[in-house]
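[1] What follows is a predicted protein model with its sequence.
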Amino acid sequence: RLRLPENMWFVGTANNDDSTFAISDKVYDRAMILNLDSKCERFAAPPTEKRPISAAHFRELFEHASREYGVSRRNMKRLEAFDQYLIEHFHITFGNRIMKQIRDYIAVYVSCGGTELCALDDILAKKVIRKLETQNPIYLRNASEGLMQFIDELFGADKMPLCKEYIRRLQRNA
């Protein structure tokens, strides 16, 4: 056994295209996906001073965020309804690992100044909606409009743009 320090993180890349084998669901469940599908607009970042932070202080910040900015009861109920819809219509679900990641991610996102719904949209698009890639393309094309309508009813019209854009991308590729 080799004990790794808390401040050691592993970062890697994997391409998921026609030239590679499919990436397994387990890998996606354990990773945070960044899709580099488009370029953002250029911006100038002002020079800033370095702010070193210890692993212990970083952990304290994370724990503070978890205590102060947990997922609201309303959004937990929404997640349960969303999971049930995906089970009934697509036979996919997300388990305890992804639920823990959702809770942790939302707390940190909100503590950094974002909103709970924006955090939820981001992580659902990256962790849950992408599971639709395993569906039959014809079925997905036919069922996706109903899914987007359900998302609007559950979270509010046009409140989940990243999830809906990912579904539209899957529709185009189906």
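    Structure's in. What do you need?
[2] Please identify which helix or strand holds the most centrally placed residue in the chain.
    The residue lying closest to the centre of the chain (CA atoms, centre = their mean) is residue 123, at 1.7 Å. Assigned by DSSP states H and E, residue 123 belongs to helix 116-127.
[3] That helix - contacts with which helices or strands?
    Packed against helix 116-127 by the contact rule (3 or more CB pairs under 8 Å, 6 or more residues apart in numbering; DSSP states H and E) you find helix 73-90, helix 96-111, helix 137-155, helix 161-173. In short, each C-beta sits where N, CA and C put it, glycine included.
[4] In the shortest one, which residues are buried?
    Residues of helix 161-173 classed as buried by neighbour count (16 or more other CB atoms under 10 Å): 162, 163, 164, 166, 167, 170, 171.
[5] helices and strands around it, which ones?
    Other helices and strands packing on helix 161-173, by 3+ CB pairs under 8 Å, 6+ apart, are helix 116-127, helix 137-155.
[6] Need the per-residue pLDDT for residue 19.
    You'll see residue 19 listed with a pLDDT of 65.
[7] And the one 10 residues further on, by the same measure?
    In this model, residue 29 is scored at 81, pLDDT.
[8] wait, isn't it in contact with residue 97?
    Yes. Contact criterion CB atoms under 8 Å: residue 29 and residue 97 qualify, at 5.6 Å.
[9] re earlier: is it true that the residue nearest to the centre of the chain touches residue 103?
    No. Residue 123 sits out of contact with residue 103 when judged by CB under 8 Å, with a separation of 9.9 Å.
[10] Tell me which helix or strand in this protein has the weakest average pLDDT.
    When the helices and strands of the chain are scored by mean pLDDT, DSSP states H and E, helix 25-30 comes last with a mean of 79.
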